[in-house]
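Asker: can't give you the sequence, but here's the structure:
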């Protein structure tokens, strides 16, 4: 290390004689060699001189007074917000409010340490983004090659279809030609026959004109009168090929187009979540059912499904949706408090600003029920079908969307502005095959259930893959205030609990079991509500100690 500093020093020259530098005057900011030190010290300076080794020029931690540079600061003027020396204290700043310089230094260092902690806490997230970006960069050529191959494959298919169309038109022309030749040949034979008979009549007429055989003439008259002449004949047109002019814009519209690269800003919101902030609560060895609610939803004639989804209100009541065009509000003891009629079955709902929000799959819309029970469309989702929906800590809505075997999660503002799209991993491969239900964890993770893969997939709040958990079927998902991830397993008649990193903790099975669980929500105080899809029963289960 010293050698490199010496080499750098050799490249710097004395400001007085251009010899290699050895020293530095802090007060004057002048580089000096051994010989020029004495010369420089003879030069008068109102700030004085402070000669140090050149290699220590950047190590100065002394605060010099702006008004008296030859003096070090020993106090801080609160009125002027500036460090000052003792001379300033007794003259210029005599009537000002002052404090010890050490007190100000301590105050500033606290601010610096706090801001540095903030920056250091964001380092992990920045490193994750860097890793994500690096992986995407390494995959970019492969992805663009795949897109080109898709275009080429469609082009080849179009060529094939065009060749088939040409072949079909050629065959049609061949068939038309045969038909045309046939009718013209018949017409030709007919005309030849007629001309022959006309010639025959002419010969007979010529003969009779030289004859005086009245009897023969009388016999011939009916024959020649009966001989018809042509009053009309058919003409057959040749086929015409009507060429469709190629409009380049029209062609591309129907062939396909490439979405341009789009930039979407994802807010790097300050993450206030800290692992140590989560309260430690022990899980009950044997979770217990504290109440049971018969929701009264009718059964689907084909599947016998009754109860689909639920969401808890701030005052610990639960909205439930099932095989009905009604939403029902129950208290925790099973009393029905309110019913709202809607135009569709609700399979996906959440609470948003104390109001019920649900996905209307048929109309591709997200709707909210006002305080007066009026259904209002918040926004539509274009040609994407909305499925699972949840409110985020940021005040946005997270919605699962599906279209043409594509799946993604979109963060919407309350007015329907797209704030974030989550669809691909760092290798630009699809994250999901069938997104259905969704929730947000306390650490900002966005967790969805993938029914086709029988998995739960979690990404962080930036959309970067975190983990997946497999072995759950037709599942729904929620999280509690401790960061536990609770997942229903429909076919397994079970409830899985994981930690916030997707590690399995335990099954939650109360005495008597769970029958085809689907809807689930957290009630607080260590309790959850789980809906049995087939029975329409909702069970309130205690799973954490107080």
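Answerer: Yes, it's here. Computed from a predicted model, the values in this text were never measured in an experiment.
Asker: which elements pack onto the helix or strand encompassing residue 176?
Answerer: If you go by DSSP states H and E, residue 176 is part of helix 101-209. Judged by 3 or more C-beta pairs under 8 Å, 6 or more residues apart in numbering; DSSP states H and E, helix 101-209 is in contact with strand 75-77, helix 214-226, helix 248-255. Where you see a C-beta, it was placed from the backbone N, CA and C, and this is true even at glycine.
Asker: go again with 7 Å.
Answerer: Where contact means 3 or more C-beta pairs under 7 Å, 6 or more residues apart in numbering; DSSP states H and E, helix 101-209 is packed against strand 75-77, helix 214-226.
Asker: any idea which residue of the chain is furthest from its center?
Answerer: Ranked by distance from the centre of the chain (C-alpha atoms, centre = their mean), the top residue is residue 212, with 109.7 Å.
Asker: identify the residue nearest the geometric centre of this structure.
Answerer: By C-alpha atoms, centre = their mean, the chain has its centre lying nearest to residue 421, at 1.8 Å.
Asker: and it, helix, strand or coil?
Answerer: At residue 421, secondary structure determined by DSSP: H, G, I helix; E, B strand; the rest coil is strand.
Asker: isn't it right up against residue 408?
Answerer: Yes. Look at residue 421 against residue 408 with C-beta atoms under 7 Å: they come within range, at 5.7 Å.
Asker: how about low-confidence regions in this protein?
Answerer: Across the chain, the ranges flagged by pLDDT under 70 are 1-10, 60-61, 257, 259, 262-281, 511.
Asker: list the beta-bridge partners for the residue nearest to the centre of the chain.
Answerer: Beta-bridge partners for residue 421, by DSSP bridges, are residue 410.
Asker: just name the most buried of the helices and strands packed on helix 101-209.
Answerer: Burial of the helices and strands packed on helix 101-209 is given as mean neighbour count (mean count of other C-beta atoms under 10 Å); strand 75-77 ranks first at a mean of 21.
Asker: so which elements touch it?
Answerer: Where contact means 3+ C-beta pairs under 7 Å, 6+ apart, strand 75-77 is packed against strand 82-84, strand 98-100, helix 101-209.
Asker: which one of the ones you listed lies nearest to residue 355?
Answerer: Smallest distance to residue 355 across these (C-beta to C-beta): 32.3 Å, for helix 101-209.
Asker: what number of residues lie near residue 112?
Answerer: 10 (other C-beta atoms under 10 Å).
Asker: mind listing the strands for the stretch 301-450 of the chain?
Answerer: Along the stretch 301-450 of the chain, counting by DSSP state E, counting those that start in this stretch, strands occupy 307-312, 318-322, 326-330, 336-341, 349-352, 355-360, 365-369, 375-380, 385-391, 397-403, 406-412, 418-422, 435-440, 446-450.
Asker: residue 151: which of these is closest?
Answerer: Nearest to residue 151 among these is strand 406-412; the distance by C-beta to C-beta comes to 17.4 Å.
Asker: and the closest one, which residues are buried?
Answerer: 407, 408, 409, 410, 411, 412 (16 or more other C-beta atoms under 10 Å).
Asker: again, but for stretch 396-407
Answerer: Buried residues in stretch 396-407 (16+ other C-beta under 10 Å): 396, 397, 398, 399, 400, 401, 402, 407.
Asker: name the residues that touch that stretch?
Answerer: For stretch 396-407, contacts defined as C-beta atoms under 7 Å, 6 or more residues apart in numbering pick out 352, 357, 359, 366, 381, 383-392, 408-413, 419, 430, 432-436, 438, 440, 446, 448.
Asker: and for stretch 477-485?
Answerer: By C-beta under 7 Å, 6+ apart, the surrounding residues in contact with stretch 477-485 are 278-279, 281, 437, 439, 441-443, 447, 449, 456, 486-487, 497-500, 502, 520-522.
Asker: ditto for stretch 356-370
Answerer: Stretch 356-370 is contacted by residues 311, 319, 327, 340, 344, 346, 348-350, 352, 355, 375-387, 389, 397, 399 when judged by C-beta under 7 Å, 6+ apart.
Asker: check stretch 92-107 too.
Answerer: Identification of contacts with stretch 92-107 by C-beta under 7 Å, 6+ apart yields 67, 73, 74, 75, 76, 77, 78, 79, 80, 83, 84, 89.
Asker: counting neighbours, which of those residues comes out on top?
Answerer: Neighbour counts for the contacts of stretch 92-107 (other C-beta under 10 Å) peak at residue 84, which has 25 neighbours.
Asker: that one: what's it in contact with?
Answerer: 65, 73, 75, 77, 93.
Asker: including distance to residue 225, could these go into a markdown table?
Answerer: A markdown table is the format used below for the contacts of residue 84 (distance: C-beta to C-beta, whole Å):
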| residue | distance to residue 225 |
| --- | --- |
| 65 | 143 |
| 73 | 142 |
| 75 | 145 |
| 77 | 141 |
| 93 | 144 |
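Asker: which one of the residues you listed is nearest residue 216?
Answerer: Using C-beta to C-beta, the contacts of residue 84 come closest to residue 216 at residue 77, 153.3 Å.
Asker: contacting residues around that closest one?
Answerer: Counting by C-beta under 7 Å, 6+ apart, residue 77 touches 84, 93, 96, 98.
Asker: then residue 514?
Answerer: 493, 494, 495, 530, 532.
Asker: now swap in residue 47 and tell me
Answerer: Counted by C-beta under 7 Å, 6+ apart, residue 47 has contacts 27, 69, 70.
Asker: so residue 496 bridges to which residues?
Answerer: Beta-bridge partners of residue 496, as defined by DSSP bridges: residue 487, residue 507.
Asker: and it, how far is that from residue 300?
Answerer: Note on residue 496: its distance to residue 300, by C-beta to C-beta, to the nearest Å, is 26 Å.
Asker: more neighbours: which of these two?
Answerer: residue 496 (21 against 14).
Asker: pretty sure the more buried one sits against residue 472.
Answerer: Yes. The criterion here is C-beta under 7 Å, and residue 496 meets it with residue 472 at 6.1 Å.
Asker: give the residues shared as contacts by the two.
Answerer: Common contacts of residue 496 and residue 472 (C-beta under 7 Å, 6+ apart): 487, 489.
Asker: which of the contacts of residue 84 sits closest to residue 426?
Answerer: The shortest approach to residue 426 among the contacts of residue 84 belongs to residue 73, at 51.8 Å (C-beta to C-beta).
Asker: what is the burial count for the residue nearest to residue 298 when sequence neighbours are not counted?
Answerer: In this structure, residue 298 finds its nearest non-sequential neighbour in residue 323, 5.7 Å apart by C-beta to C-beta, 6 or more residues apart in numbering. Other residues within reach of residue 323, judged by other C-beta under 10 Å, total 19.
Asker: one more: residue 302?
Answerer: 6.
Asker: quick check: the gap between it and residue 323.
Answerer: 10 Å.
Asker: buried ones only from the contacts of stretch 356-370, please, as a PyMOL command.
Answerer: Typed into PyMOL, the line below selects the buried ones among those, using 16+ other C-beta under 10 Å:
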select buried, resi 311+319+327+340+344+346+348+349+350+352+375+378+379+381+384+385+386+387+389+397+399
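Asker: before we move on, the earlier item: of the contacts of residue 47, closest to residue 541?
Answerer: Using C-beta to C-beta, those come closest to residue 541 at residue 69, 74.0 Å.
Asker: does that closest one touch residue 27 like I think?
Answerer: Yes. If you go by C-beta under 7 Å, residue 69 and residue 27 touch, sitting 6.1 Å apart.
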